[in-house]
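> could you work out the structure for the sequence below:
(one chain, ligands or ions: 1)
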Amino acid sequence: VLSMCGLAKEHLKDQQNNPWNTKIAITRSGGAGFGHCKGTLVSEYFILTAAHCFTIDDTADHIKVTIGDSKQPYPVANIYLHPQYNVGKLKHRGIPEFYDYDVALIKLGKKVEFSFSARPICLPCTQGTTRALRKPLATTTCQDHENELLPVANIRSFFVSDCKYQHDTIGLVRRPVQIKNSDKKMACEQDARNAKFYKNITNIKDVVTDNFLCTGGQDPVLDPNTCKGDSGGPLIIQKKLRYIQVGVISWGVVDVCGHQGTTCEEPNKRKDRTSYSRDFHINLFKVIPWLKEQLADEGLEFI
Ligand SMILES: CO[C@H]1CCN(Cc2c(C)cc(C)c3[nH]ccc23)[C@H](CO)C1
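Numbers count the residues shown, from 1 in each chain. Predicted coordinates:
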């Protein structure tokens, strides 16, 4: 059976504690600079990330994926963007960026040998998550997973930032945030209006569709915010000692890292977090059919 998903070495730090954490580097021709994104290892060949990390002319040979402690990048065989992702879909309505269905799968050119620093995270509606939730395999449904992981409430979850410490060592820091899946969901979504391109949108639900999970703000508690470089990273829920990914970091209202990109808590380097600094993540329960199709041969046993 595929090694258990969502298992981390609790007492260790950084990569052993987030063994599904991957870095995606995209080299653009013509000096259009580097693209950097995060992603998660979800099976022996696939990385889950955000579709907006890629532009139409990013080909597989311009993408490098590093996993675990290995400095050696994996070759990329192919990229699969969600078929309904279309960043320019609302351009005619003066909305330059539309992030709906902002998910993509990268197929690696080489199989990942799992280890304590390279292990897949659990995905919703797979048998691995049923086991991780300690539920009966025969009777547990995808809806049971959703009821357990995303109830109507403020749900404790986390994303992961990389922190640059002195001597350029990179650490991985877990950032606790609450998914506003309660009566606070509306206010969370309305704050999208504070984003650069969304200021004069009449109906914010046109851009913040039902496919998003919303975190950030200060009600009930002040949540940390994502940065551009966190794009494609996971929104994770921990159940006992197992980790399940419920979202992919898509976009945020305020890039609290500014240009330097690191997301470390350096003094006065991080823009102050405000009540309207919200972050939006693609809800994986809304893209199960696409995941199931793309990952059909990966032994994940979707239910
Ligand atoms: C609609 O306009 C907004 C779109 C996205 N924002 C950039 C951005 C991206 C692309 C991705 C992630 C994960 C981000 N986390 C925080 C900011 C941020 C800009 C500027 O913040 C405003």
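
> every contact and neighbour count from this point should use C-alpha atoms.
Will do.

> tell me the secondary structure at the residue lying farthest from the centre of the chain.
Computed with CA atoms, centre = their mean, the residue of the chain farthest from its C-alpha average is Ala138, at 29.3 Å. Secondary structure for Ala138, judged by DSSP: H, G, I helix; E, B strand; the rest coil, is coil.

> how close does it sit to Ser250?
The gap separating Ala138 from Ser250 is 34 Å, by CA to CA, to the nearest Å.

> right, and Tyr243 touches Cys122 too?
Yes. When contacts are counted by CA atoms under 8 Å, Tyr243 is listed as touching Cys122 (6.4 Å).

> intersection of neighbour lists for these two?
Overlap of the contact sets of Tyr243 and Cys122 (by CA atoms under 8 Å, 6 or more residues apart in numbering) consists of 5-6, 132.

> and Tyr243 and Cys122? Which one has more around it.
Neighbour count, other CA atoms under 10 Å: between Tyr243 and Cys122, Cys122 has more, with 29 against 23.

> Provide a list of residues in contact with the nearest residue to Leu150 once chain neighbours are set aside.
Distances taken as CA to CA, 6 or more residues apart in numbering place Asn181 nearest to Leu150, at 7.3 Å, with adjacent residues excluded. Residues in contact with Asn181 (CA under 8 Å, 6+ apart) are 150-155, 213-214.

> go again using 6 Å as the cut-off
The contact partners of Asn181, by CA atoms under 6 Å, 6 or more residues apart in numbering, come to 152-154.

> show me where the protein has its helices.
Secondary structure of the chain by DSSP state H: the helices cover 14-17, 127-132, 142-149, 185-190, 288-294.

> need those helices in CSV (columns: mean neighbour count and distance to the ligand).
As requested, the helices of the chain are arranged in CSV below (neighbours: other CA atoms under 10 Å; distance: least, CA to the nearest ligand atom, whole Å):
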stretch, mean neighbour count, distance to the ligand
helix 14-17, 20, 21
helix 127-132, 23, 26
helix 142-149, 15, 22
helix 185-190, 18, 13
helix 288-294, 15, 21
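
> got JSON lines for the ones you listed, with distance to Ser117 and mean pLDDT too?
Below are the helices of the chain laid out as JSON lines (distance: least, CA to CA, whole Å; pLDDT from 0 to 100):
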{"stretch": "helix 14-17", "distance to Ser117": "5", "mean pLDDT": "85"}
{"stretch": "helix 127-132", "distance to Ser117": "19", "mean pLDDT": "97"}
{"stretch": "helix 142-149", "distance to Ser117": "25", "mean pLDDT": "98"}
{"stretch": "helix 185-190", "distance to Ser117": "35", "mean pLDDT": "98"}
{"stretch": "helix 288-294", "distance to Ser117": "24", "mean pLDDT": "98"}
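
> out of those, flag the one nearest Leu90.
helix 185-190 (18.1 Å; CA to CA).

> contacting residues around that closest one?
Contacts for helix 185-190 (CA under 6 Å, 6+ apart): none.
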